[in-house]
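**Q** Need coordinates for the below:
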Amino acid sequence: MTSQERRAASRHGPLAQLLIAWAPLSVILLAYAAAQWINAPVSVRGHDAGTNRLGFGLQVAGPARADRELFGVVPSVWLQERLVDGSAHWYDGAAALIYVTHFVAIPLLTGVVWFCLRDRFVAWVSAVLAFTTLGVSGYVVYPAAPPWLASDWGEIGAVDRVSSPGWDYLHLPDVGRLIVSGQDASNPVAAMPSLHAGSALLVSLFVWSLAPTLWRAALVAYVMLMALTLVYTGEHYVVDVVAGWLTAAAAAAVGAGVSRRRSDRRSRVDTDGTRPH
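**A** Coordinates of the predicted model:
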């Protein structure tokens with residue numbers, strides 16, 4: 001049965017089906033909430049705090065040192081010294097738009113897969129859940145301060161959190177305030193790995209085989225622009241980004257494995273079904 005036929009046969013309307021498709025994503029919210037609770041001691045009391053609720057200490061200097069050893073400078077500091085002057089520019093508007101796609105990319109693709117690629121839905125959700133599990137585990141095992149927070153604590157040079165001022169350039173200040181409100185309520189030491197960077201790669205890997213050449217170039221550009229945005233805005237170090245990419249690659253491998261097992265199972269069923277009795 002094709003995806004279209006399954007939709008027609010469903011007794012649920014489109015909105016109900018979309019909610020069904022999104023139901024597994026609730027695990028993401030629960031996982032984030034759990035990680036935030038576990039890391040509360042270090043995220044609230046700062047770099048002088050002891051450990052989180054699982055006994056893991058806050059990492060502040062380590063990620064900055066890794067970036068400095070790789071590039072000779074801390075890229076977030078280097079970029080902001082040259083690009084941040086207190087005013088919003090076109091590149092801040094672009095950064096704001098790229099940054100916010102993280103919050104819609106996975107839910108949007110989940111809906112598309114449910115309605116148009118139903119045979120791949122289980123594989124996609126498996127990849128997303130594996131991605132979330134690995135990423136959130138990283139948050140609690142290696143709670144790490146992002147560049148803007150490390151700068152506030154004097155560990156690196158001046159870095160501001162500039163992922164929202166671009167909305168002023170776009171004449172959408174209310175959106176910027178909404179983003180800031182969400183950031184203020186989030187886990188400030190959930191930096192390693194970067195799930196912003198990882199989700200961009202995970203989405204791109206999943207749709208890669210379906211995309212024509214021009215769209216593949218756009219997918220590569222999206223992944224790289226997300227990485228640049230995260231480093232420029234002070235949200236992540238380069239090593240956070242690379243860790244996010246590795247997390248996405250591992251999750252994509254999980255999804256591919258699920259897809260292969262389901263395909264093998266269907267092949268065995270088809271073979272058994274045509275076998276004479």
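
**Q** My read is that residue 234 contacts residue 152, right?
**A** No: under the criterion of CB atoms under 8 Å, residue 234 makes no contact with residue 152, lying 10.0 Å away. The way it works is simple: take the backbone N, C-alpha and C, and place the C-beta from them, glycine included.

**Q** who's more crowded, those two?
**A** Remark: of residue 234 and residue 152, residue 234 carries more neighbours, 25 against 17, as counted by other CB atoms under 10 Å.

**Q** Give the other helices and strands that the helix or strand containing residue 196 contacts.
**A** If you go by DSSP states H and E, residue 196 is part of helix 195-208. Contacts defined by 3 or more CB pairs under 8 Å, 6 or more residues apart in numbering; DSSP states H and E place helix 195-208 against helix 102-116, helix 121-141, helix 213-232, helix 238-274.

**Q** Quick one, which of these gets closest to residue 173.
**A** Minimum separation from residue 173 across those (CB to CB) falls at helix 102-116, 18.2 Å.

**Q** The closest one to helix 121-141, inter-axis angle?
**A** Put simply, helix 102-116 runs at 160 degrees to helix 121-141, going by axes from the mean of the first three to the mean of the last three CA atoms, to 10 degrees.

**Q** any idea of the mean pLDDT in helix 102-116?
**A** Averaging pLDDT along helix 102-116 yields 94.

**Q** That one: which residues count as buried?
**A** 102, 105-106, 109-111, 113-115 (16 or more other CB atoms under 10 Å).

**Q** would CSV of those residues with distance to residue 83 be doable?
**A** Converted to CSV, the buried residues of helix 102-116 look like this (distance: CB to CB, whole Å):
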residue, distance to residue 83
102, 21
105, 25
106, 29
109, 31
110, 34
111, 36
113, 37
114, 40
115, 41
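
**Q** Run through the stretch 151-277 of the chain and note the low-pLDDT ranges.
**A** 266-277 (pLDDT under 70).

**Q** Apart from its chain neighbours, what residue comes closest to residue 68?
**A** Sequence neighbours aside, residue 74 is the residue nearest to residue 68 in space, at 5.5 Å (criterion: CB to CB, 6 or more residues apart in numbering).

**Q** Next: residue 194.
**A** Closest residue to residue 194 apart from its sequence neighbours, by CB to CB, 6+ apart: residue 244 at 3.7 Å.
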